[in-house]
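S.K.: Predicted structure and sequence below. I'll ask about it afterward.
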Amino acid sequence: MFTEKNINQITAHGLTKEKVKAQLQIFKDGIPYVNVVAPASADNGIAVFSEDEQQYFVTVFEEEKTKLDLLKFVPASGAATRMFKFLHNFLDSYKPEEDIGAFLEKAENKNLKIFFNSIEKFAFSALVFQKLEEKFPDFQSFKKGKQYFLFVKELLHESGLNFSNTPKGLVPFHKYENQLVTAFEEQLFEAAFYATSNGTAYLHFTVSENHEQKFKDKFAAVQQSIKNKTGVRFKIDYSFQKRTTDTVAVTPNNNLFVDENGNLIFRPSGHGALLENLNDVDADVIFIKNIDNVVSKNYIETIAFQKKVLAGKLISVQQQIFSFIKALRASNISEELLQRATNFISEELKIKNIALQKDAILNVLDRPLRVCGVVENTGAPGGGPFLIKDKDGNLSYQIVEMSQINASNFEQKALVEKATHFNPVDLVCGVRNYKGEKFDLLKYSDPETGFISEKSHHGKPIKALEMPGLWNGAMAHWNTIFVEVPLITFNPVKTVNDLLNDVHQPT
């Protein structure tokens, strides 16, 4: 099956023949679609707290946090390339001598028109114009189309600010007076308001290996300033997506794909690979959110309050879980205790039909716990909270991506269209057991919930395998609680024009 050259490559990549064989088997078997039973909703799997309940959980968090290790875990490996996609298209398709007005009126250039009409509102614009006027003393006399073309080129290309190849976390998102602030800095500032215990905030960023030094340099430059503003010390570390989580590419017939030099092609296996990184960090409470989901400082207290609500809920439920586990491990167990435990599992963890037996109850309780903030559905692309049924007939609430659902099945599609809530990636996780020991998170993943996608390599068709998504199948066997949070908590920057939204325009 493997040539000697294949084996040498596999070994050099940190993989084993057995791992690659398992990957090939997944390609051959295919990955089944999930079986959606119902979308989670406010009356079916999603908790909606009153103001008093929210305040109660905030108080729980505030009272407990000094005894706990807190950590903020931020996936931040993405480059900003996709954020500027329509600007790249502009450079490819626009000729500086063209009439820019007519060009922007074309239907396909709607985003460009918005960008240029609001160009002064972007945090980085003044810097770009400054650079252009240094390079072109008569810049102001150029026609508008040429100015726009040079602006975008200066913004994206290596000869200018090179934002196209900059980590998304290091692109200036906000401007306060004359200070440009990146998403990375906003993540630090935000952490000071909730992910802080005893005066220190601990953060872990997963980054591309070739970007690590850039993040370190930025932290060195802003560390003292943010400490002065918040009174908080910051401890930061970084990790990279492991090469050992890469997957091999295959041909459309599920055979190993080799390039023109006879080499195997290894591909990163998606954000699910970060389960390994998450498994390597340890804290009582871990906050997870994406690098680009930040707000300007005007909104920080609202964001922090909602994070504390989720963390307080986690701590409250975890305390009850630990209490039940300890009681169930005692010598005298009453039927009444078993009944209370199953009622708790049904009401809090939404897991039904658990046998009234000690081992069955402990098996459910003794696992990682996550509280997931979900927002009302606005039509944004991505996954959402659903009740699903596995191959053994077990029901559980999961965050499911649209690619995991068979859209050609009328019934499944109809259920998806009824979804009321969306996953903004706003998680608070408890990864230690009742003894304070770290769970091995790799044991709680479902390998059958990955993704197979069709790609190309130098024009040739290939198939690629992604691991179960970090907050999808990678956490399939965690205990999960969904809590509705306000839309203000969800402010990703998927395209540069998202920076025009109010939350990214400091006042």
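M.R.: Nice, I can see it. Residues are numbered from 1 along each chain as shown.

S.K.: first to last residue in stretch 360-376, what's the distance?
M.R.: Terminal residues of stretch 360-376 lie 35 Å apart, using CA to CA, to the nearest Å.

S.K.: Give the rounded mean pLDDT of it.
M.R.: Across stretch 360-376, pLDDT averages out at 97.

S.K.: buried sites along stretch 237-253?
M.R.: 238-239, 241, 245-250 (16 or more other CB atoms under 10 Å). From N, CA and C alone the C-beta is placed, and that goes for glycine too.

S.K.: and that stretch, average pLDDT?
M.R.: 95.

S.K.: And stretch 163-181, by the same measure?
M.R.: Rounded mean pLDDT across stretch 163-181 is 96.

S.K.: Sticking with Lys175, tell me its helix or strand.
M.R.: strand 172-176 (DSSP states H and E).

S.K.: Quick check: neighbours of that strand in the sheet, parallel or antiparallel?
M.R.: strand 179-182 (antiparallel) (DSSP bridges).

S.K.: List the contacts of the partner strand.
M.R.: Strand 179-182 is contacted by residues 123-124, 127, 169-175, 218 when judged by CB atoms under 8 Å, 6 or more residues apart in numbering.

S.K.: which one of the residues you listed sits closest to Cys429?
M.R.: When the contacts of strand 179-182 are ranked by distance to Cys429 (CB to CB), Gly169 comes first, at 21.0 Å.

S.K.: Hmm, Phe215 and the closest one touching each other?
M.R.: Yes: the criterion here is CB atoms under 8 Å, and Gly169 meets it with Phe215 at 7.1 Å.

S.K.: Now list whatever residues contact both of those two.
M.R.: With CB under 8 Å, 6+ apart, Gly169 and Phe215 have common neighbours 76, 184, 205, 207.

S.K.: biggest separation within the residues you listed, which pair?
M.R.: Phe184 and Val207 (9.6 Å).

S.K.: Just give the nearest non-adjacent residue to Glu97, would you?
M.R.: Gly145 (7.5 Å; CB to CB, 6 or more residues apart in numbering).

S.K.: oh, I was asking about Gly45
M.R.: Closest to Gly45 by CB to CB, 6+ apart is Tyr397, at 5.0 Å.

S.K.: How far does the strand or helix carrying the one you found sit from its chain's centre?
M.R.: Element membership of Tyr397 [criterion: DSSP H and E] is strand 395-400. Its chain's C-alpha centre and that of strand 395-400 lie 17 Å apart, by CA atoms, centre = their mean, to the nearest Å.

S.K.: packing partners for that strand?
M.R.: strand 384-389, strand 479-484 (3 or more CB pairs under 8 Å, 6 or more residues apart in numbering; DSSP states H and E).

S.K.: Need the mean per-residue confidence for that strand.
M.R.: Here the average pLDDT along strand 395-400 is 95.

S.K.: Same check on stretch 57-74?
M.R.: On average, stretch 57-74 scores 98.

S.K.: Stretch 118-127 now?
M.R.: Per-residue scores along stretch 118-127 average to 98.

S.K.: Report the buried residues of it.
M.R.: Going by neighbour count (16+ other CB under 10 Å), the buried part of stretch 118-127 is 122-125, 127.

S.K.: Between the two ends of that stretch, how far is it?
M.R.: 15 Å.

S.K.: biggest separation within the contacts of strand 179-182, which pair?
M.R.: Leu127 and Gly169 (17.6 Å).

S.K.: all helices for the stretch 1-150 of the chain, in order.
M.R.: With DSSP state H, counting those that start in this stretch, the ranges of helices along the stretch 1-150 of the chain come out as 4-12, 17-29, 51-64, 85-93, 100-105, 110-117, 125-135, 144-156.

S.K.: Need the buried ones from the shared contacts of Gly169 and Phe215 selected in PyMOL.
M.R.: In PyMOL, a selection of the buried entries from the shared contacts of Gly169 and Phe215 looks like this (16+ other CB under 10 Å):
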select buried, resi 76+184+205+207
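
S.K.: quick one: which of the shared contacts of Gly169 and Phe215 is nearest Val503?
M.R.: Phe184 (17.1 Å).

S.K.: quick check: angle from the strand or helix carrying the closest one to strand 172-176?
M.R.: Assigned by DSSP H and E, Phe184 belongs to helix 183-191. With axes from the mean of the first three to the mean of the last three CA atoms, to 10 degrees defining the directions, helix 183-191 sits at 60 degrees from strand 172-176.

S.K.: Figure out how far helix 183-191 is from the centre of its chain.
M.R.: So, by CA atoms, centre = their mean, the centroid of helix 183-191 is 15 Å from its chain's centroid.

S.K.: now do stretch 469-485
M.R.: On CA atoms, centre = their mean, the centre of stretch 469-485 falls 12 Å from that of its chain.

S.K.: wait, isn't Asn109 in contact with Phe103?
M.R.: Yes: the criterion here is CB under 8 Å, and Asn109 meets it with Phe103 at 6.4 Å.

S.K.: For Leu465, see how far away the residue nearest to Leu338 when sequence neighbours are not counted is.
M.R.: In this structure, Leu338 finds its nearest non-sequential neighbour in Leu356, 5.0 Å apart by CB to CB, 6+ apart. For Leu356, the distance to Leu465 equals 41 Å [CB to CB, to the nearest Å].

S.K.: Equivalent analysis for Phe439, please.
M.R.: Where Leu465 is concerned, Phe439 sits at a distance of 26 Å (CB to CB).

S.K.: likewise Phe184?
M.R.: 30 Å.

S.K.: how long is stretch 164-181 end to end?
M.R.: 17 Å.

S.K.: From the opening residue of stretch 428-442 to its closing one, how far?
M.R.: End-to-end for stretch 428-442, by CA to CA: 18 Å.

S.K.: Also stretch 257-268?
M.R.: End-to-end span of stretch 257-268 (CA to CA): 15 Å.

S.K.: List the buried residues of stretch 500-507.
M.R.: Buried residues in stretch 500-507 (16+ other CB under 10 Å): 503-506.

S.K.: can you list the residues that contact that stretch?
M.R.: 114, 118, 121-122, 173-176, 295-299, 488, 491, 493, 498.

S.K.: In PyMOL, how would I pick out whichever of the residues you listed are buried, leaving the exposed ones unselected?
M.R.: Selection of buried members from the contacts of stretch 500-507 for PyMOL, criterion 16+ other CB under 10 Å:
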select buried, resi 114+122+173+174+175+295+296+299+491+493
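
S.K.: What segments of the stretch 401-507 of the chain are helices?
M.R.: 410-417.

S.K.: is Glu484 in a bridge, and if so with what?
M.R.: Beta-bridge partners of Glu484, as defined by DSSP bridges: Val374.

S.K.: for it, what are its contacts?
M.R.: 42, 46-49, 373-376, 421.

S.K.: and what of Tyr444?
M.R.: Contacts of Tyr444 by CB under 8 Å, 6+ apart are 367-368, 475-478.

S.K.: now the nearest residue to it once chain neighbours are set aside: how far from Lys313?
M.R.: Of all residues not flanking Tyr444 in the chain, His477 sits nearest, at 4.1 Å (CB to CB, 6+ apart). From His477 over to Lys313 the distance is 20 Å, taken as CB to CB.

S.K.: And Arg340, by the same measure?
M.R.: In terms of CB to CB, Arg340 sits 20 Å off from Lys313.

S.K.: out of the two, which sits in the more crowded spot?
M.R.: Lys313 (26 against 13; other CB atoms under 10 Å).

S.K.: Double-check that that one belongs to a helix.
M.R.: Yes: using DSSP: H, G, I helix; E, B strand; the rest coil, the assignment for Lys313 is a helix.

S.K.: mind listing what it touches?
M.R.: Contacts of Lys313 by CB under 8 Å, 6+ apart are 47, 57, 60, 371, 428, 481, 483.
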